[in-house]
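Asks: Provided below for reference: sequence and predicted model.
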Amino acid sequence: MNIGQAAAQSGLSSKMIRHYESIGLIKPKGRSAAGYRLFNEFDISRLKFIYQARTLGFSLEQIGQLLLLWQQEDRASVNVKKLAEQHIDELNEKIRAMQKMKQTLEQLVEICPASDDPNCPILKSLSNDEQSNTANCHSAAKINQSR
């Protein structure tokens, strides 16, 4: 089957399939006489695997490792579990960072007067360096608590 059909069956775009080929995650089994990529059922399985792994947020490097393990019949499931646990740790760190961003933004929104006044604590905070940003947010939170 051609790349369009492979894209339709795998849930990936043709562009992403070409990208995954360029970085070595997938290698079509051949080319047609006209030079078009040809994909077989095994290729489609790999593409579906990549799609599912991306849906779970695995990095391309991790997906490469998972694909190698998936192809090894004598693999140890402990290695797969370690990769998944590492990914969970990374996700938890991202969640913590996003919660901190949300909290900071909520504090800034809370002190924003939302008026015709051109002074905006949100813009002021964004225009300062990171250390000032953190200090401004903490100061803003203290001001709000005292109100």
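Replies: Happy to help now that I have it. Residues are numbered from 1 along each chain as shown.
Asks: According to the record, where do the domains of the protein fall?
Replies: If the domains of the chain are taken from automatic domain parsing, they occupy 3-58, 79-146, with pieces of a single domain joined by a plus sign.
Asks: most tightly surrounded among those domains?
Replies: Of those, the one with the most neighbours on average (mean count of other CB atoms under 10 Å) is domain 3-58, at a mean of 15. For every residue, glycine as well, the C-beta is placed using N, CA and C.
Asks: And the average pLDDT for that domain is what?
Replies: Taken as a whole, domain 3-58 has a mean pLDDT of 95.
Asks: cool, stretch 120-134 as well?
Replies: 74.
Asks: how near is K102 to D116?
Replies: Taking CB to CB, to the nearest Å as the measure, K102 and D116 are separated by 27 Å.
Asks: Sorry, slip of the keys, the one I care about is M101.
Replies: Remark: distance between M101 and D116 (CB to CB) = 28 Å.
Asks: now for the host helix or strand of S125, which elements pack on it?
Replies: S125 is located in helix 121-127, with elements delineated by DSSP states H and E. Under the contact criterion of 3 or more CB pairs under 8 Å, 6 or more residues apart in numbering; DSSP states H and E, helix 121-127 touches helix 77-111, helix 130-146.
Asks: among these, which gets the worst mean confidence?
Replies: When the helices and strands packed on helix 121-127 are ranked by mean pLDDT, helix 130-146 comes last with a mean of 49.
Asks: give me phi/psi at the most centrally placed residue in the chain?
Replies: Nearest residue to the geometric centre of the chain (CA atoms, centre = their mean): G57, 5.1 Å. Comment: the main-chain dihedrals of G57 come out as phi 90, psi 10, following degrees, to the nearest 10.
Asks: Fine by me, thanks again.
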